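Undergrad: pasting a predicted model and its sequence here:
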Amino acid sequence: MKRAPGIFLLAVTWLLLLVPCAWGRSAGTAMPVPYTLADGTRLTGYLSLPPQYQKGQRYPAILLIHGGTGDQGGLRNRAREFSQIKPVRKHLCPNYVVFSAAYHADYLGGPKEIASMAVALQTMAALPQVDPGRIAALGVSHGGYLALMAAVQPRMPVKIKAVVSISGVTDVAAFLKDLYRLHPGGKADRERPLLGLIASPVIRALGWPPDKDAETKEKYRRLSVLTYLGNLQAPVLVIHGSKDNLVPVSQARSLREGLKKQEKTCEYLEVATGRIGGHFIILTKPEIWDKIDLFLKKYL
């Protein structure tokens, strides 16, 4: 059976993932928190408080980072929607302050994304409900990449105490090579059309292929989480589907090996999946949340 086109799969993935659950006003009810980037870009994160919250106390907190694309001023509000999915409300909201961050995506790993994470962290840490010394970053897919980058980038204004990356990208160059891979005959894979490669924002910004020349190679190197692992001080939990149909499991395995070489604290969970739905494990594999619960309890 042939897989559906990549763009269609991506759209369906996030449509399923980000549809809010019809819950009442209880743990996880999201309150808007605006913040502004240095260039004037306005974003809104969403704050959820645990049911036992007591005014005047500070709690361990989760920086929650959605996948898909960033906030481009469209009709979708992914930060709010992600804060309302059932696993987040069941596992994170009862125990932690949760701040679902918005980000502006110029391109995968681009400067506006990293700036968005820095300002979101700074805004979050300044909230009276948050213990700034006990912040974990948890992201899925694109958000998994940004959660990792928030922990490894040396200029982040707030220290991340623990990181959870679910189905996340770790090496942008390798990810794009797989996404837009070519058959030996030179024809683009039908599900990853050449037109998509040409239209890709990161490829338009940095060039193609990633090893085209020394300058292009360096640009992509700066986007890789693997480049900055020496800076990492937080324990990392890496979770991935064995046959992820969008972000290959090789991304997670490369990160695991890099962390091992750097002698960093890492826990790893690879769950068996089929090719169809292999990227949806945040919804379809409840056992990953048991692992997440234990990891956060241990390190946060």
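TA: Great, that's in hand.
Undergrad: from here on, contacts and neighbour counts on C-alpha atoms
TA: OK.
Undergrad: next one: phi and psi at Tyr228?
TA: phi -110, psi 10 (degrees, to the nearest 10).
Undergrad: pLDDT at it, what is it?
TA: According to the prediction, Tyr228 has pLDDT 97.
Undergrad: Ala30 now?
TA: 87.
Undergrad: do the same with the one 4 residues further on
TA: In this prediction, Pro34 carries a pLDDT score of 96.
Undergrad: in contact with it, which residues?
TA: 42-45 (Cα atoms under 8 Å, 6 or more residues apart in numbering).
Undergrad: who wins on neighbours among those residues?
TA: Gly45 (26 neighbours; other Cα atoms under 10 Å).
Undergrad: which element is it on?
TA: strand 42-48 (DSSP states H and E).
Undergrad: show me what that strand pairs with in its sheet, parallel or antiparallel.
TA: Strand 42-48 sits in its sheet next to strand 31-36 (antiparallel), strand 97-101 (antiparallel), going by DSSP bridges.
Undergrad: what about it, distance to the chain center?
TA: Offset of strand 42-48 from its chain centre (Cα atoms, centre = their mean, to the nearest Å): 16 Å.
Undergrad: run through who's touching that strand.
TA: Counting by Cα under 8 Å, 6+ apart, 27-37, 71, 79-80, 83, 93, 97-104, 120 sit against strand 42-48.
Undergrad: can you name the next helix or strand after it?
TA: strand 59-65.
Undergrad: other SSEs contacting the next helix-or-strand element following that following strand?
TA: Next helix or strand after strand 59-65 toward the C-terminus (DSSP H and E): helix 78-83. Helix 78-83 is packed against strand 42-48, strand 97-101, with contacts defined by 3 or more Cα pairs under 8 Å, 6 or more residues apart in numbering; DSSP states H and E.
Undergrad: just how off-centre is helix 78-83 within its chain?
TA: That offset, for helix 78-83, works out to 13 Å (Cα atoms, centre = their mean).
Undergrad: strands of the chain, residue ranges please.
TA: Secondary structure of the chain by DSSP state E: the strands cover 31-36, 42-48, 59-65, 97-101, 130-140, 162-166, 236-241, 266-271.
Undergrad: quick revisit: could you export the helices and strands packed on helix 78-83 as CSV, including distance to Gly230?
TA: Formatted as CSV, the helices and strands packed on helix 78-83 follow (distance: least, Cα to Cα, whole Å):
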stretch, distance to Gly230
strand 42-48, 30
strand 97-101, 26
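Undergrad: got CSV for the ones you listed, with mean pLDDT too?
TA: Formatted as CSV, the helices and strands packed on helix 78-83 follow (pLDDT from 0 to 100):
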stretch, mean pLDDT
strand 42-48, 96
strand 97-101, 98
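Undergrad: show me the contacts for Asp178.
TA: Pro248.
Undergrad: try it again with 10 Å
TA: 172, 192, 246-248 (Cα atoms under 10 Å, 6 or more residues apart in numbering).
Undergrad: show the pLDDT at it.
TA: Confidence score, pLDDT, at Asp178: 87.
Undergrad: how close does it sit to Arg80?
TA: Note on Asp178: its distance to Arg80, by Cα to Cα, to the nearest Å, is 31 Å.
Undergrad: cool, Gln57 as well?
TA: If you go by Cα to Cα, the gap between Gln57 and Arg80 works out to 24 Å.
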